[in-house]
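>>> Provided below for reference: sequence and predicted model.
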Amino acid sequence: MRRSLYLKDDDYRLSFLYGNFTTLTRFTEADLERVVTEGLSPLNVSIHTTDPELRAEMLRNRRGATSLRWLRALLDHGIEVHAQVVVCPGRNDGEVLVDTFTGILEEYPELADVAVVPLGVSRFSTESAMRAHTPEEALAVIEAVNDAQVMFGEILGHPMVHAADEYYLLAGVPFPEAEVYGDFSMHEDGIGMARAFEVEFNGDVETGIGVQSGFFDWVDGAPAHGYRAPRSVGGESTAVALGCRGDAPVGVLSGPLGSRVLAPLVESLCRDDVRVIEVPNDYFGGNTGVTGLMVGDDLVRALADQPKGHRYLLPDVCLSRGVFLDGMSPRDLPVPVEVIPTDGVSLRRALSHRGHPRVPVPETSDA
């Protein structure tokens, strides 16, 4: 799941339609003509490294060594391209990552931006070369990105490259200030999400910032179904079998990574009736900690010992057409939950609105 070391190439049409990242290894002259003629822009391209041999090895595709020529062609034809570098410890980090930044500056300076994201490893991973970053490695990536931002800023006038929020959480260092992320254009790549959520939660904006489907839209190969489908039935957030008293304590459900972002925000409210409930991800295992990959089975365990009669807020990012990735439904949880949009504005409003009216339980559908 998520970012894997060896990736199958995605169709460029999925990149345009759904925001997926493509490695361009199956791209052709005919594809280029269609992209340019039909104005299929923006596109998202996975670079990973500008070292041809290493890129082919990482993609397990000999075409990976030469397919970035299509990136140059896309940029030459004025196609807007957002790039991604999935950093795999021991493979394309360290000096290789620094060389990749230099290669991007020399060969692809017209890129809109570059997202630097960590490798995701689940318990289903079978590649021995796949492992999660250590805190020290995460800090090294942040430092490399900081140096690259200075380089890009001096030459291009903008920082170009940004590290995913996960790196700051893993390294235990503060996130960059909100201003660094500009208009949060890389929100969907997990970059600036924490600061955006903070801005939303603190009431500095009245609507959610960026794409609202959460911390795992970076997944390669995600069409508009499954975990890219509408989060809740009918596209509306819904309270599920809610019947709590108006002054009931509140538990906010979140994955391990999200919990570390939410905890200080909730503490800032100075309310002893609101708590964050961290939900470990045993279903996927590994270093999976994003809220969007919470599943029903893990939520059942997390809620098993929670008191009845409390309000439990569930972010809709973990639902696809009203069900979790393991096929369970909010109906299957041991306590009623209230499904809300995954943004700080919605959480702030939910916490300020005590005593929501009872709402009918929605019917789930795969249609």
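Received the coordinates, thanks.

>>> now do the strands in this structure.
Remark: strands assigned in the chain by DSSP state E are 43-46, 81-87, 113-118, 161-163, 250-254, 274-278, 311-315, 338-340.

>>> who touches the second one?
Applying Cβ atoms under 8 Å, 6 or more residues apart in numbering, the external contacts of strand 81-87 come out as 3-5, 7, 21, 42-49, 71, 74-75, 92-93, 97, 100, 104, 108, 110-119, 133, 141, 186, 189, 218. In this view, the C-beta of every residue, glycine as well, is placed from N, C-alpha and C.

>>> now it: average pLDDT?
Per-residue pLDDT values over strand 81-87 give a mean of 95.

>>> strand partners of it, parallel vs antiparallel please.
The strands that strand 81-87 pairs with in its sheet are strand 43-46 (parallel), strand 113-118 (parallel) (by DSSP bridges).

>>> which non-adjacent residue is nearest Arg62?
Leaving aside its sequence neighbours, Arg62 sits nearest to Ala56 (Cβ to Cβ, 6 or more residues apart in numbering; 5.3 Å).

>>> rewinding a little: a markdown table for the strands paired with strand 81-87, including mean neighbour count and mean pLDDT?
As requested, the strands paired with strand 81-87 are exported to a markdown table (neighbours: other Cβ atoms under 10 Å; pLDDT from 0 to 100):
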| stretch | mean neighbour count | mean pLDDT |
| --- | --- | --- |
| strand 43-46 | 26 | 93 |
| strand 113-118 | 24 | 95 |
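
>>> rewinding a little: buried subset of the contacts of strand 81-87, written for PyMOL?
Only the buried entries of the contacts of strand 81-87 go into this PyMOL selection, using 16 or more other Cβ atoms under 10 Å:
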select buried, resi 3+4+5+7+21+43+44+45+46+47+48+49+71+74+75+92+93+97+100+104+108+111+112+113+114+115+116+117+118+119+133+141+186+189+218
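
>>> mind checking which of the contacts of strand 81-87 land in helices?
Counting by DSSP state H, the part of the contacts of strand 81-87 found in helices is 71, 74-75, 97, 100, 104, 141.

>>> show me the shaky parts of the stretch 251-367 of the chain.
Counting by pLDDT under 70, the stretch 251-367 of the chain has low-confidence residues at 354-367.

>>> mind redoing it with 80?
Applying pLDDT under 80 to the stretch 251-367 of the chain flags residues 287, 353-367.

>>> for it, what spans make up the helices?
Ranges of helices in the stretch 251-367 of the chain, per DSSP state H, counting those that start in this stretch, are 256-267, 296-303, 344-352.

>>> walk me through the domains of the protein.
Segmentation of the chain into domains, based on automatic domain parsing, reads 12-173, 233-352.

>>> relative to Leu325, which of the helices of the stretch 251-367 of the chain is closest?
Closest of the helices of the stretch 251-367 of the chain to Leu325 is helix 296-303, at 8.4 Å (criterion: Cβ to Cβ).

>>> follow-up on the earlier one: nearest to Tyr168, out of the strands paired with strand 81-87?
When the strands paired with strand 81-87 are compared by Cβ to Cβ, strand 113-118 sits nearest Tyr168, at 10.9 Å.

>>> circling back to that earlier point, return the member of the ones in helices among the contacts of strand 81-87 nearest to Arg311.
Val141 (38.4 Å).

>>> tell me the contacts of that closest one?
Going by Cβ under 8 Å, 6+ apart, Val141 touches 87, 93, 97, 116, 118, 133, 163, 167.
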